[in-house]
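>>> coordinates only, sequence not included:
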């Protein structure tokens, strides 16, 4: 069954309360990084701002828990609080039904009935939930997105610890199913250690044998790449000849490695400042039409915060953004599922098996 | 890499303390089901009893936490306490090094170096452990066991909730990798509901749609099979035409369904008495050379209690018994891993993915 | 804030569809243990059967997933399928709104607004949920129930592994907060080993030191109690002088120990047959006004199956039955929470801390 | 039982191989942030460097996975790779037994026998492990540390979600058991929202009622504090009158709030750069004699990386540093326990109960 986008219905602004509602009020920022008290905070949903009476404009590149700034060129920009400058005009009002000139459109997409129904009954997703159809729907989606969308993968370090999972992810990159990568220092370090020494934290990634003095491999991998100045240079010089980072860099796929307080090193590419990293991640998140987050609570939640439930495509067509979380723990996936979006899905399993299964499933269908 | 059994080395009874140790003392049971105070309790390891001075006999069909009875025909039998009869002669003495005429042989098998090493470092198995090699070793093992061993599967209900997992398990049965099945009422009930109505607990097993009045399907499936008198009859009459129980019964594979206090029904085949069920399970456990327990703490621990780490084959050759636990939770697999046997392995993942991956992996190799 | 029961509103049978609905149809059982195809299955809610036109009778001692039998003396009895006898008259019809003479009353209780609201938003209970108010409400409830209700505790073995938890539970028994105990062989065995040897599975319950040959303590405890014939006799002869079982037996509190396939022994009091054990458990479940299940998935689900959401008191007053589950894992508590009852509550924590905290909290209030 | 420090035994440098081993080799850094290829990496243990033949010097303020730099003033400094400057002299050699002039002293402390034994058998810590003694030993330890040590708390956001836990932590601050706090933006934001609005993420922290428009409270709390410029100012102006941050700031307790990619805001005090935050955290970690990490994998691992297993006190006395992790999941605590230190302890429970229990336990003893 081929994938098709659900239709999107614009709000009917010729109806109540829209016809009588005023244009949105914009108030000025008086202190950098501080919004006016009555600011409107964005959601994951499509939102319309009545900039002038009768002119409802849809937000592009939205992001939840931000504010809406009317730029001098007349465009609306969704900004994090920390980016507010003195004089920025911030949309204000907290009634989201249009009465303040702001409308949060929670029911724009017409999802197939079975999706609606599944969600009604899947409030308690567990390890015993059946996932066969989720895999099949994911294959359909990814084949569609490979051609017409932008697939962002968010990887926790677990993917780099297993040989088959690393190979499978390289296969996904090779076959065009990876358009961007978000991860942390650890994912890249474990992956590079595997590429250079065949180990992760000193243990051979396939045989699990401990290498002699293997606990140095982790730090040596970082030190060698730092000595060369970049992972790209390590690839250039044949220090790194395979792996997740190798595949991504060889293919020219954009990526962000965000630093954290538990990092060793870090690798040269890692962005140490959390908020600069957020900005860079959001740059890719704005492109995303499907996000798949594997075994990382921190990065999955961070990405989840940045990705709205919809994207305005080049032709002004509005489509949903799909967000998958794959993790072993009900706790982790439920945190994400709290977004409440029909496009947020979770699969409870070991990400090693997930990556291997997805790569095999897609390969089989392409034959 | 083909699988081969590790060599087994008999103890050298010509050495100290064996040469000077007395024959084991056997004391009589005075009350049914009660052992003499100084009884020797069995372990998972090969154990030798010096029945007469110089005659060390290896226990067959052992089981941990039992006692050893010298039968009237001179044979040694490993019995649960509850089966002790007045007059039974029970081996006594608690020094396990041979000084009491009882020797627990903890180091009989020569495992390959890499297995030994892996176990030294794998004391903390987690979801981040690499499992690629475990799958490959399991394929080798199962291909060997299909011809020369006896593979016992222990299934929790989760396997019956997912369409792909059910099909994969049917494939494993079809291709000869299932020699016995241990499970509870719930596994069979969910599987039969899926076969009869296409649902599990009222939800379609593939699409996850809720069937109208679907909550009755569970009870209706039980009631219909009870009306027919047996699952075999339900198959005979074409009420059940696919599924785990269908495959197992069609192939004449022995199985035990043990009852529990949370059962509805139960199905006619379910053994309500926990200890009768134990006895029946042990009958199959005594045959087992490999056990694979999926997503069931209760049945996995029960089977683990019954299966020793070795089996004496027809030709008196001693081989190890392999025991795999597959579960989502570190807690569950660690409970089993406490056995301390080198032949106990665990894979942390969703059993749906596990069954599908194993079936595909074996099929691919057989081409 | 003192606890008070929420008011219960009877259905208004003078309204549609009740006034026009027929008396319930009862069909005869033709095969033992098999219901007529169109049987009505019971729920956790109060249910009314229109036995004769105009006579709606409320089910007493209900239990979900059973059938309703009209006894020869005119009484309605809620029976498990396996207890059906040839000739039993079973209520039939699957419309639960009264049109078949059967009405399932899902909204009988008027819970306080804050309870309703909490439940609306607490669909995703996690370890990060705040539990302060749950403890306080539990103290209120237990003080009420000590005088006017019947408090059933369902204990997993974890409670017996910890010294402070054992002492705290003994305190709860002593102060009258325990009216019945449901558990398995393991809970009792670990508790008796602690009473006799000061260890659980060979490890001292307070200091965690391993006792010499401590792995025998477990089996020795069972063997000694079996030799004496009963736990009561072991108490009588001063073999057992403290502990959970000691407190319960000394106080004459009714209990059921249900056997399972993972049992050693078992202890003399353990009921080996799962369905006999169910019947005995249901005997106590029918008395229950509050159930608290600690760290046991099997027994908690079994008890949950048996306990309806309401109880008809002596004066025909209808009150809710409260059901608490305490466990470490979101998976376990969510399984129970699926009952959908407003009276099912969960607390996610280690049961050792829970028991200690509750006992201290109640003691402090009683000063 | 009062707490006492275990004695520490210096290595006997008059023995082999120390007497024949050369002075450590120091090699120059040639590129900023890159160590010489043969660098020695530090561990959590006390380490001695033979700076000149016969002069073994103990590292102070060590930190695992760093390098040792011989400063121009002759002092040894343990530096992260990223802080290496061209010309820094780095200790080289990878034999840790002294033969390279570097000795890692893994057995310096004489722990009581029962601690050694417990650790031998506690390799598989689970929710069923008994924790009574751990609480009692922790009370002893904390009373000692309040007078003579430096207690660092590492808090995940869960502590701020619960009313009783917040009050208990405030009590610990008040009674002097908190000497430093490490946390992230989220902990502080939830705590300040609770202080300002009585809610966390819009839900009342005690009653769990949802506040009207409550989802704004989170962002409003941040925005208001940002408007005032600091949390201290928010306290000064009586916007914040209770809570964790209030208690800590009022008492002048040092703290570090580290930023992360999932932050909203952030609060003014949050350090956005991960490595600056690391440096600030290490400043406090160097003071630490006991660390208690609650419900935070990221911050607990980060702190664990920074805290060695020993501290050199003012009088050159060497004492252990104790490290507690408290979490709900075996996975989380096992990650920390992999340090292999006898001073790393874990308690598996909900941190709400932990904080409340510890505060009550300490208060009771102080009466």
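Thanks, I have the structure now. Please read all numbers here as calculations on a predicted model, not as lab measurements.
>>> hey, let's count contacts and neighbours off CA atoms from now on
Fine.
>>> what about the residue in chain A sticking out farthest from the centre, is that helix, strand or coil?
Distance from the C-alpha centroid of chain A peaks at residue A:212, with 38.6 Å (Cα atoms, centre = their mean). Three-state assignment for residue A:212 (DSSP: H, G, I helix; E, B strand; the rest coil): coil.
>>> In contact with it, which residues?
If you count contacts by Cα atoms under 8 Å, 6 or more residues apart in numbering or on different chains, residue A:212 has none.
>>> which phi and psi does it have?
Backbone torsions of residue A:212, given as degrees, to the nearest 10, read phi -60, psi 130.
>>> how much space between it and residue B:285?
Going from residue A:212 to residue B:285 by Cα to Cα, to the nearest Å gives 40 Å.
>>> what does residue A:174 give?
Distance check for residue A:174 against residue B:285: by Cα to Cα, it reads 47 Å.
>>> As a check, name the ranges of all helices in chain A.
Under the criterion DSSP state H, helices of chain A are mapped to A:113-121, A:132-148, A:163-174, A:185-197, A:215-228, A:231-236, A:244-250, A:274-285, A:297-306, A:330-337, A:351-366.
>>> for the third one, what is the average pLDDT?
This points to helix A:163-174. Average pLDDT, helix A:163-174: 97.
>>> about what we covered before: comparing residue A:174 and residue B:285, which shows the higher neighbour count?
residue B:285 (27 against 14; other Cα atoms under 10 Å in any protein chain shown).
>>> Run through the residues that contact that one.
Shown in contact with residue B:285 (Cα under 8 Å, 6+ apart): B:152, B:303, B:306-307.
>>> Just send these back as CSV, with pLDDT too.
Below are the contacts of residue B:285 laid out as CSV (pLDDT from 0 to 100):
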residue, pLDDT
B:152, 98
B:303, 95
B:306, 94
B:307, 95
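>>> Between those residues, identify the one with the most neighbours.
residue B:307 (28 neighbours).
>>> Which residues of chain A lie near chain D?
Neighbours of chain D within chain A, by Cα under 8 Å from any Cα of the partner chain: A:31, A:33-35, A:37, A:41, A:65, A:80-82, A:216, A:219-220, A:223-224, A:226-227, A:258-266, A:272-275, A:277-278, A:298-299, A:301-303, A:305.
>>> again, only using 7 Å
For chain A, the contact set with chain D under Cα under 7 Å from any Cα of the partner chain comprises A:34-35, A:81-82, A:223, A:226-227, A:259-262, A:265, A:272-275, A:277-278, A:298, A:301-302.
>>> which among those residues are in contact with chain C?
Answer for the residues of chain A next to chain D near chain C: none qualify (Cα under 7 Å from any Cα).
>>> Any of those residues buried? List them.
Buried by 16 or more other Cα atoms under 10 Å in any protein chain shown: A:34-35, A:81-82, A:223, A:226-227, A:259-262, A:265, A:272-275, A:277-278, A:298, A:301-302, out of the residues of chain A next to chain D.
>>> Any idea which helix or strand in chain A has the lowest mean pLDDT?
helix A:113-121 (a mean of 56; mean pLDDT, DSSP states H and E).
>>> residue contacts, the residue of the stretch 151-300 of chain A found nearest chain B?
Going by Cα to the nearest Cα, chain B is nearest to residue A:162 of the stretch 151-300 of chain A, at 4.4 Å. If you count contacts by Cα atoms under 7 Å, 6 or more residues apart in numbering or on different chains, residue A:162 has them with A:205-206, A:352, B:130-132.
>>> State the distance from it to chain C.
26 Å (Cα to the nearest Cα, to the nearest Å).
>>> Can you report how many residues lie near the closest residue to residue A:104 other than its chain neighbours?
For residue A:104, ignoring the flanking residues on the chain, the nearest one in space by Cα to Cα, 6 or more residues apart in numbering or on different chains is residue A:47 at 4.5 Å. When neighbours are defined as other Cα under 10 Å, residue A:47 has 20 of them.
>>> Low-confidence regions, the stretch 251-367 of chain A specifically.
A:337-342 (pLDDT under 70).
>>> so the residue of the stretch 1-150 of chain A found nearest chain D bridges to which residues?
Among the residues of the stretch 1-150 of chain A, residue A:34 lies closest to chain D, at 5.8 Å counting by Cα to the nearest Cα. Note on residue A:34: beta-bridge partners by DSSP bridges are residue A:31.
>>> Quick one: residues contacting it.
A:81, A:84, D:223, D:226-227.
>>> Same question for residue A:324.
Counting by Cα under 7 Å, 6+ apart, residue A:324 has contacts A:291-293, A:344-346.
>>> what does chain A put close to chain B?
A:114, A:117-118, A:127-133, A:158, A:161-164, A:205-209, A:328, A:348-350, A:353.
>>> Taking those residues, please make a PyMOL selection of just the buried ones.
A single PyMOL command is used to select the members of the residues of chain A next to chain B judged buried by 16+ other Cα under 10 Å:
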select buried, chain A and resi 118+127+128+129+130+131+132+133+158+161+162+163+164+205+206+207+208+209+328+348+349+350+353
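>>> bridging residues for residue A:294?
In beta-bridge terms (that is, DSSP bridges), residue A:294 pairs with residue A:155, residue A:326.
>>> neighbours around it, how many?
By other Cα under 10 Å, 28 other residues sit near residue A:294.
>>> ditto for residue A:185
Neighbour tally, residue A:185, other Cα under 10 Å: 27.
>>> Do I have it right that it meets residue A:271?
No: in this structure residue A:185 lies outside contact range of residue A:271 using Cα atoms under 7 Å: 8.9 Å.
>>> And residue A:170, how far from residue C:27?
Relative to residue C:27, residue A:170 is positioned 64 Å away (Cα to Cα).
>>> One more: residue A:139?
50 Å.
>>> What of residue A:284?
Noted for residue A:284: a distance of 66 Å to residue C:27, by Cα to Cα.
>>> The two: who's more crowded?
Neighbour tally, residue A:284 and residue C:27, criterion other Cα under 10 Å: the higher count belongs to residue A:284, 22 against 19.
>>> And for the more buried one, nearest residue in space, chain neighbours not counted?
Sequence neighbours aside, residue A:180 is the residue nearest to residue A:284 in space, at 7.1 Å (criterion: Cα to Cα, 6+ apart).
>>> residues touching the one you found, list them.
A:151-153, A:253-255.
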